[in-house]
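Participant: Generate coordinates for the sequence data below:
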Amino acid sequence: MLVKVFGSAVFGVEATTITIEVNIDKGYAYHLVGLPDNAIKESSYRISAALKNNGYQLPGKKITINMAPADLRKEGSAYDLTIAMGILAASGQIQTKILEDYVIMGELSLDGGLQPIKGVLPIAIKARQEGFKGFILPIQNVNEAAIVNNLDVYGVENIKEVIEFFEGKGVLVPTKIDTRKAFYDHIQNPEFDFSDVKGQESIKRCMEIAAAGGHNIILIGPPGSGKTMLAKRLPSILPPMTLQEALETTKIHSVVGKITGEVGLMYQRPFRSPHHTISDVALVGGGSYPQPGEISLSHNGVLFLDELPEFKRTVLEVMRQPLEDREVTISRAKFTVTYPSSFMLVASMNPSPNGYFLDPDKPGMNSPVEMQRYLNKISGPLLDRIDIHIEVQPVPFEKLTDERKGENSEVIRERVIKAREIQTKRFMDNDKVHYNAQMTAKMIREICTLNTDSMQMLKDAMERLNLSARAYDRILKVARTISDLEASIDIKTHHIGEAIQYRSLDREGWLG
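Facilitator: Take a look at the predicted model:
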């Protein structure tokens with residue numbers, strides 16, 4: 001007897017429906033075809049034990065299982081439940097006519113219990129698109145799938161519940177989540193707040209500008225000056241994610257199995273902080289069976305690279321293309337996957353190998369040669385993609401002991417949102433540009449026009465400070481954002497003056 005059951009495979013951040021065809025005939029054999037990986041090939045042992053421990057059995061006949069499309073590689077243990085239900089129906093151990101109405105996924109334990117799986121959200125979205133009545137999956141993943149509307153999502157703990165449901169002997173209650181209500185109830189509760197930061201008012205101002213224009217930023221300062229603390233609070237002043245952004249971000253985290261517990265939808269912008277020993281594949285994604293890397297997990301959020309010069313140069317260089325294109329494409333001989341990677345880069349570094357720069361109170365000063373070798377670990381093309389360079393000084397004792405609270409993130413965020421609204425209107429006719437940091441050279445010439453005084457100030461600054469040519473466009477972009485924060489139509493002289501301060505690493509002779 002031939003039976004068809006439906007599962008799903010995830011490639012990139014999209015799912016493809018997989019048809020599991022189970023045929024039982026005379027003889028004795030077990031054939032599993034359709035490019036399954038080792039985890040799927042081993043499923044027969046898990047299925048056999050799970051069925052026996054629940055009063056059923058693997059039939060002693062010739063079982064042929066095809067996973068179509070047969071030329072598409074399948075991986076993972078999530079097909080255990082799909083194959084088991086196909087075997088039971090094909091062998092006549094259960095009688096049902098509704099098996100083909102549902103997508104069924106789950107990893108089986110030997111006692112018939114179900115273990116969580118990856119990529120649930122893309123699978124649920126695909127199931128709704130293709131008109132399936134429902135999606136049956138492990139109860140641990142049910143909240144993640146339930147954010148998809150117009151699809152019955154059933155979370156189960158044991159294969160016995162699934163069997164009784166299809167035989168009409170038991171009832172499964174679909175999980176319902178009001179996605180919009182849950183989303184808007186959670187977006188206003190950031191984990192960290194800028195009011196916790198003592199002093200550093202100029203750096204907070206700089207972070208506000210970076211958030212308002214989507215600018216990449218690098219913080220340069222000695223140990224203990226608050227670089228990491230400031231970076232962790234940047235997501236709290238970014239505009240709240242839209243529901244569409246939340247779904248995009250959740251899909252990526254779902255693919256790598258990062259959505260667990262009661263959290264179905266990601267409400268806050270992601271903040272990723274990989275260690276400097278990370279490999280280039282782990283950063284941008286890849287592997288023999290490509291998975292998203294840290295830059296994709298940072299999509300719609302912040303990627304924080306602490307101690308930037310300690311990262312391997314090859315690792316930093318692979319970020320150059322994703323920073324420009326806001327997506328990363330991983331190619332293999334038989335397929336290509338593309339992951340979105342629109343993130344804000346926040347980097348930090350010490351000004352010298354020992355952490356202290358021109359500080360007479362700190363022993364063991366580094367020589368100019370050591371300093372130059374240290375800074376040369378960061379390439380010019382990478383710095384070219386970082387709009388704001390700012391020096392962070394240690395907080396004096398008087399500021400640390402001040403009991404007064406600083407400005408909180410909610411107040412700063414309101415100003416950022418207003419500036420972003422101006423940019424949204426400005427770029428409403430351009431699908432690829434949403435905020436100032438994404439402007440092309442042509443757009444800079446059209447949008448960032450300067451009056452005579454502003455142009456003269458910029459010319460004098462570039463000559464006097466020996467700013468590099470790459471600094472020119474960056475200064476104009478940042479000045480445009482500063483003017484947006486003030487709701488100013490024109491870029492004024494003091495906007496240019498402030499933007500010039502944020503190009504520390506471009507100054508010739510910065511080493512002193």
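
Participant: In contact with the residue most central in space within the chain, which residues?
Facilitator: Centroid-nearest residue in the chain: Leu297, 2.3 Å away (criterion: Cα atoms, centre = their mean). Applying Cβ atoms under 8 Å, 6 or more residues apart in numbering, we find Leu297 in contact with Ile252, His253, Val256, Lys258, Pro270, Arg272. To be clear about C-beta, it is placed using only N, CA and C from the backbone, and glycine gets the same treatment.

Participant: excluding its backbone neighbours, what's nearest Ser288?
Facilitator: Arg332 (8.0 Å; Cβ to Cβ, 6 or more residues apart in numbering).

Participant: ok, how many other residues are close to the one you found?
Facilitator: 12 (other Cβ atoms under 10 Å).

Participant: What average pLDDT does stretch 127-147 get?
Facilitator: What stretch 127-147 shows for mean pLDDT is 94.

Participant: just stretch 399-409 next, same as before
Facilitator: 77.

Participant: in it, what's buried?
Facilitator: By neighbour count with 16 or more other Cβ atoms under 10 Å, stretch 399-409 contains the buried residues Gly406, Ser409.

Participant: cool, and stretch 461-476?
Facilitator: Ala461, Met462, Leu465, Leu467, Ser468, Ala471, Tyr472, Asp473, Arg474, Ile475, Leu476.

Participant: Show me the contact partners of that stretch.
Facilitator: Residues outside stretch 461-476 that contact it (Cβ under 8 Å, 6+ apart): 380, 383-384, 387-388, 441, 444, 448, 450, 458, 491, 496, 499-500, 502-503, 506-509.

Participant: Let's see the distance spanning stretch 32-50 from one end to the other.
Facilitator: Taking Cα to Cα, to the nearest Å, stretch 32-50 runs 18 Å from one end to the other.

Participant: How far off centre is that stretch?
Facilitator: Once both centres are worked out by Cα atoms, centre = their mean, to the nearest Å, stretch 32-50 turns out to sit 31 Å from its chain's centre.

Participant: And stretch 311-320, by the same measure?
Facilitator: A distance of 18 Å separates the C-alpha centroid of stretch 311-320 from that of its chain, computed with Cα atoms, centre = their mean.

Participant: can you list contacts of that stretch?
Facilitator: Contacts of stretch 311-320 (Cβ under 8 Å, 6+ apart): 276, 278-280, 283-284, 295, 305, 308, 345, 377-379, 381-382, 385.

Participant: related to what we said a few turns ago, between the contacts of Leu297, identify the one with the most neighbours.
Facilitator: Counting by other Cβ under 10 Å, top hit in the contacts of Leu297: Ile252 with 26 neighbours.

Participant: looking at it, that one is touching Pro340, isn't it?
Facilitator: Yes: Ile252 lies in contact with Pro340 (Cβ atoms under 8 Å); the separation is 7.2 Å.

Participant: Report pLDDT for the residue lying closest to Glu327 once chain neighbours are set aside.
Facilitator: Excluding its sequence neighbours, the residue lying closest to Glu327 (Cβ to Cβ, 6+ apart) is Pro340, at 5.2 Å. Each residue has a pLDDT score; the one for Pro340 is 91.
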